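Engineer: sequence-free structure coming up:
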Ligand SMILES: C[S@@+](CC[C@H](N)C(=O)[O-])C[C@H]1O[C@@H](n2cnc3c(N)ncnc32)[C@H](O)[C@@H]1O
């Protein structure tokens, strides 16, 4: 394995995802295949795994790692928001479980050379799919002050957006901001690092915001959530790991809506929408990794696992 990603809550993911070992499962964010290897090992007989990632390097790495599953695995470069088309192409109508482990992989952060990390000096790219056109460099150097401020607020939940954007605009009027180090240094120059133990690097939220915007992460989650109920067999489970409140909120809201069914205003005497519940949440409160896992894998610190079962 060239760059292993330590999978978060791997035992729980397998336990909740694999309801029947002969079933068909989708890993929509295969990364370097950490979760998929564990899922694959728990399958028997006709059990099948369909793995997607929009990053061709992830497809290459995980493809090698999952080769032990032979014809029972299919690893494809695809966006999970296109899951309906992917399944149609393979000739499948529905599957027995879908896993999403959102965000970026350790490979992307530490080895891809695409500027995901504020601690590395790399071109400011941040595309998970290099076939897409828009890069973080384009956004940082071309958006207006207002657009940049909105981006940092909406996608980074950055309270100091105005100060950071003022510094970006001043810096780019001298020369373009081309690298992750330039942007990290710029942010640090106007937001001195906090001395609080465990405080984040001052550029954390700026980098998060750009990554989300470049990869249209929230839009993809929303498209996926609209499609997935129609693609899952009864009893199948949707298992999602999220790492920040923006994506977590979308997942939680969708699962609550599916469970509730009816969308009529609460003051309607009888239901007029006729919407029936389509999922039940397997547990109401998101599950978090314990201190031992967090100690071994810092990425687990902000993870929340949510599971909903198709009914
Ligand atoms: C946290 S990593 C997954 C790690 C994986 N579970 C493992 O154990 O190795 C997230 C992966 O999702 C991919 N990804 C993000 N958004 C995607 C999308 N819309 N469609 C497909 N893959 C996506 C990223 O390229 C990245 O490789």
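Structural biologist: The structure has been received and is ready for your questions. Here the structure is a predicted model, which is why all the values come from computation and not from measurement. Numbers count the residues shown, from 1 in each chain.

Engineer: how many other residues sit next to the closest residue to residue 67 other than its chain neighbours?
Structural biologist: Of all residues not flanking residue 67 in the chain, residue 73 sits nearest, at 7.8 Å (Cβ to Cβ, 6 or more residues apart in numbering). Using the backbone N, CA and C atoms, a C-beta is placed for each residue, glycine as well. Other residues within reach of residue 73 by the criterion other Cβ atoms under 10 Å amount to 24.

Engineer: Same check on the one 3 residues further on?
Structural biologist: Using other Cβ under 10 Å, the number of residues around residue 76 comes to 14.

Engineer: Double-check that it belongs to a strand.
Structural biologist: Yes: secondary structure of residue 76, determined by DSSP: H, G, I helix; E, B strand; the rest coil: located in a strand.

Engineer: residue contacts, the nearest residue to it once chain neighbours are set aside?
Structural biologist: Distance criterion Cβ to Cβ, 6+ apart; nearest residue to residue 76, sequence neighbours excluded, is residue 52 at 5.5 Å. Counting by Cβ atoms under 8 Å, 6 or more residues apart in numbering, residue 52 touches 26-30, 75-80, 83, 86.

Engineer: beta partners for the residue nearest to residue 25 when sequence neighbours are not counted?
Structural biologist: Closest residue to residue 25 apart from its sequence neighbours, by Cβ to Cβ, 6+ apart: residue 97 at 4.6 Å. For residue 97, the beta-bridge partners under DSSP bridges are residue 25, residue 237.

Engineer: and residue 97, how far is that from the ligand?
Structural biologist: 14 Å (Cβ to the nearest ligand atom, to the nearest Å).

Engineer: State the number of residues packed around residue 37.
Structural biologist: 21.

Engineer: In terms of helices and strands, where is it?
Structural biologist: helix 34-41 (DSSP states H and E).

Engineer: Please enumerate residues in contact with that helix?
Structural biologist: So helix 34-41 is in contact with 4-7, 10-11, 13-14, 17-18, 25, 27, 30, 49, 51, 62, 65-66, 68-69, 72-73, 99, 101, going by Cβ under 8 Å, 6+ apart.

Engineer: Which residues are in contact with the residue of the stretch 201-311 of the chain found nearest the ligand?
Structural biologist: Going by Cβ to the nearest ligand atom, the ligand is nearest to residue 220 of the stretch 201-311 of the chain, at 3.9 Å. Counting by Cβ under 8 Å, 6+ apart, residue 220 touches 79-81.

Engineer: Near residue 166, how many other residues are there?
Structural biologist: Neighbour tally, residue 166, other Cβ under 10 Å: 14.

Engineer: how close does residue 54 sit to the ligand?
Structural biologist: Relative to the ligand, and taking Cβ to the nearest ligand atom, residue 54 is found at 4 Å.

Engineer: What lies in contact with stretch 238-248?
Structural biologist: With Cβ under 8 Å, 6+ apart, stretch 238-248 has contacts from 8-9, 13, 16-17, 97-103, 155, 157, 208, 212, 217-218, 221, 228, 232, 251, 255, 279, 286, 299, 302-310.
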